[in-house]
Structures are given as C-alpha cells and as structure tokens.
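Q: what follows is a predicted structure for the sequence shown.
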Amino acid sequence: MSPPPIDRPPGTVVVGLSGGVDSSVTAAILKEAGFEVIGMTMQIWHRSSAGEAAGASAGCCTVDALADARRVARMLGIPYYVPNFREPFSAVIDDFAKEYVAGRTPNPCIRCNQHVRFDGLLQKADEVQAEYVATGHYARIEFDRAREEYVLRKSVDTSKDQSYVLHRLTQRHLSRLITPLGELTKSQTRTLADKYGLPVATKPDSQEICFVAGGNYREFLAEVSGVAARPGSIVNRTGETVGSHDGIHNFTVGQRKGLRVSGSAPSYVIELRPRDNAVVVGQREDVLCSTLECEDVHLMGTLEAGRFDAGVRVRSHAPEAPARVSIQGTRATVQFQEPVWGATPGQSAVFYAGDRVVGGGTIVSTGA
C-alpha cells in the first residue's frame with residue numbers, strides 16, 4: 001500500500017521516536033515524502049529498581065525502547081538524539097501522585113502532552129531550525145480555511161483514535177505538528193512497517209502508563225512517589241461501614257475488583273472522600289451521572305457561542321455522549337441527554353463537534 005499524502009511542504013522535521021511501530025512508521029513516511037528527518041527520544045524518566053525488578057520492558061522509557069528507536073534511526077539513515085527532559089517531567093509525576101492522594105484519577109498522558117512533550121519537541125525543533133515536529137499519534141490535523149485556524153480531528157481508525165489526549169494542544173502546536181497515522185488504520189500501519197522493513201514491525205503496542213513499570217500504579221505510588229498507606233473505612237451510601245481499605249489512592253470511581261465487600265449484588269466505588277479518608281460503594285447504577293462540572297477548560301480554537309451541543313467523551317476510550325456544554329470562563333457545565341457511566345473526577349471531559357475536537361476540561365464533580 002502507499003503511505004498517506006502529507007499536506008505540508010517538505011522541510012526539516014523532528015520526529016518523536018518511542019521505539020514503537022507507530023512513531024517508527026511516521027519517520028519512514030516523512031523520509032519517503034522528502035522531509036529531512038531527525039529522530040528524537042525525550043529522556044523523561046529513569047526506571048526505579050522496583051520497576052526493573054518487576055520485569056517491565058514494554059514502555060516507552062526503557063533501555064530496550066531506546067535501543068529500538070536507535071535501531072530504527074540507523075536503518076532509516078537519520079540523525080538521532082536523546083535529550084534530557086527529566087526535570088520538566090517530574091511535575092507530571094508529582095501531579096500524578098498528588099491527584100491520587102486527593103481522591104482523583106489523573107490522566108498523565110494529557111498532562112505530559114500539555115506541559116512536556118510538545119513544548120519540548122518544539123524547543124528542540126527550534127534549536128535545530130526545523131520547521132515541523134511529528135508524532136505517531138492517531139489523529140488528524142487540518143487547516144480549516146473557513147475558520148482560519150488549525151483544527152484537530154479524530155483518526156480515521158476510531159478504535160485507535162488518540163484525539164482525546166491531544167485536546168490541550170494550542171494553535172502554536174497544531175501549526176507545526178504532523179501526524180500521518182491519523183489517515184491510517186492500525187493494520188495499515190503494520191503493513192507499512194513491513195514494507196519499510198522496520199525492525200519493530202511486529203513489536204506489540206504498549207498499554208501501560210509509560211513511567212509505571214508493569215502497569216502497577218499502586219506499587220509506583222508506594223515505592224517511587226512515597227505515598228504511604230492510610231487505612232480507612234469503606235462505607236455504603238447510608239454511611240454504614242462495610243469494609244476497610246489501605247488508602248483511597250488504591251481506588252477509582254467505577255472500580256469493582258479488590259473491594260472485598262460482601263453483598264447480594266456486586267459493589268462499585270461511587271465516590272472517594274479524602275477529607276473523611278472514606279471509599280463509598282454502591283450499585284452499578286450509582287456510577288451513572290447526568291451532569292458534570294469541569295475546570296481548567298481549554299478550547300482549541302474559536303468558539304462561536306458559550307453554550308453549544310457536543311459529543312462528550314469522559315474517558316479516553318469511552319463512547320461519546322450527546323450533551324449541552326456551557327462555558328463560564330475556565331469552567332464548564334455539561335448536561336447529558338442520557339446518564340453516562342464512569343465520569344470520574346481527575347479525568348478529562350473532551351468536547352467534539354462531529355469529528356472535530358472543540359476542547360475539554362478536568363472533571364471536578366458529577367451529579368445525578
């Protein structure tokens with residue numbers, strides 16, 4: 001098959017290489033299209049001894065991943081660099097731990113994209129006088145002439161779409177960012193990897209948080225971030241104690257497993273109360289909400305009105321739900337047409353107009 005066309009004039013591009021198939025194919029596509037490609041892996045995290053002992057090696061921050069990225073760069077004949085971004089990334093780690101201790105469930109990929117990854121790539125691009133940066137994200141970027149601004153759209157492969165985690169990018173980012181895989185399905189990406197003879201063509205996708213070895217965030221919080229166990233009570237909606245826990249950071253809204261609570265029906269976490277150090281459980285329908293409040297709202301471009309209808313996604317892989325969104329400064333109220341399941345404080349609610357990302361904000365509360 002042929003690679004997707006690139007709608008930017010050829011120039012120098014810094015490609016963020018993770019050592020995986022997606023970013024590797026991105027570099028190969030751009031080189032074939034006539035771009036001068038520079039590969040770069042941002043060194044953002046040093047594995048803890050606990051993480052190494054766990055045997056995790058699938059993430060994008062391991063020695064193996066760096067070796068794979070270097071092999072790809074060598075095969076493509078492009079320069080390759082590993083700049084140190086540990087210090088700015090430490091803020092993402094601190095936020096990750098702080099949010100869990102506060103009874104919220106963070107999405108570190110969004111924080112990294114917002115504060116580290118794309119600003120860092122642009123910084124390095126400026127240093128080498130590159131016009132563009134590129135990543136292996138499944139999302140599309142277009143210049144909308146009617147709106148006179150760049151817009152972020154969903155990937156053609158809806159099962160791999162990553163527009164949710166990119167919703168905090170600005171016009172400065174979008175104007176220089178290239179994401180070729182937004183026009184491809186995952187299977188087409190694999191086919192191109194075979195075509196280019198990339199050494200990572202059959203490498204499995206990483207599903208874990210990049211800095212959490214083995215995907216065990218609870219172990220990470222205890223051993224790396226120093227979050228101490230703080231035992232407390234598990235209570236039902238009426239306040240009756242039905243169990244105990246070792247710390248609210250071990251739980252998230254909607255969680256069912258690991259509660260060790262008996263009853264005639266399965267119990268789900270419906271609320272975390274850090275002030276009382278309590279985990280509140282209920283039935284599955286208690287996790288439904290009809291409204292939510294967001295703060296730190298970011299809009300990706302011009303907003304025609306402060307109140308609009310949108311499809312709203314409350315988790316990265318949750319289905320969109322039709323809703324009315326009302327913006328008040330940096331806050332938003334979302335009123336769903338039908339109750340949605342699993343909206344969780346700390347996660348983001350992202351607003352869509354068709355396949356275009358309008359913006360989004362951090363969920364702070366939900367209501368029936």
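A: Cool, got the structure. A quick note: this is a predicted structure, and the numbers were derived from the prediction, not measured. Numbers count the residues shown, from 1 in each chain.
Q: and the helices in the stretch 201-350 of the chain?
A: Secondary structure of the stretch 201-350 of the chain, counting by DSSP state H, counting those that start in this stretch: helices at 217-223.
Q: could I get the full set of strands for it?
A: Ranges of strands in the stretch 201-350 of the chain, per DSSP state E, counting those that start in this stretch, are 232-235, 241-245, 268-273, 278-282, 288-299, 307-313, 321-328, 331-341, 348-353.
Q: the inter-axis angle of the fifth one versus strand 307-313?
A: In this structure, strand 288-299 runs at an angle of 110 degrees to strand 307-313, with axes from the mean of the first three to the mean of the last three CA atoms, to 10 degrees as the basis.
Q: residues touching the residue nearest to A353 when sequence neighbours are not counted, list them.
A: Take A353 and drop its neighbours on the chain: the residue closest to it by CB to CB, 6 or more residues apart in numbering is A310, 6.0 Å away. Bear in mind the C-beta positions are built from the backbone N, C-alpha and C, glycine included. Shown in contact with A310 (CB atoms under 8 Å, 6 or more residues apart in numbering): P322, A323, R324, V325, F351, Y352, A353, V358.
Q: what do you get for T330?
A: Here T330 is in contact with E295, D296, V297, G361 (CB under 8 Å, 6+ apart).
Q: now T191
A: M1.
Q: phi, psi for it please.
A: phi -60, psi -40 (degrees, to the nearest 10).
Q: and the pLDDT at it?
A: Per-residue pLDDT puts T191 at 97.
Q: likewise the one 5 residues further on?
A: Reading off the per-residue confidence, Y196 sits at a pLDDT of 97.
Q: how much space between it and T202?
A: 13 Å (CB to CB, to the nearest Å).
Q: and these two? Which one has more around it.
A: Y196 (20 against 10; other CB atoms under 10 Å).
Q: skip the chain neighbours and tell me the closest residue to that one.
A: Y196 sits nearest to A28 (CB to CB, 6+ apart), 4.4 Å away.
Q: likewise for G306?
A: Per CB to CB, 6+ apart, closest to G306 is I327, 4.7 Å.
Q: outline the domain layout of the protein.
A: 12-215, 229-282, 287-367 (automatic domain parsing).
Q: these: which one's closest to M1?
A: M1 lies closest to domain 12-215 among the domains of the chain, at 5.6 Å (CB to CB).
Q: so how far is that closest one from its chain's centroid?
A: Relative to the mean C-alpha coordinate of its chain, domain 12-215 is positioned 11 Å out (CA atoms, centre = their mean, to the nearest Å).
Q: coming back round to it: so which of the contacts of T330 comes closest to R256?
A: The shortest gap between R256 and any of the contacts of T330 belongs to G361, at 27.1 Å (CB to CB).
Q: host element of the closest one?
A: Element membership of G361 [criterion: DSSP states H and E] is strand 356-367.
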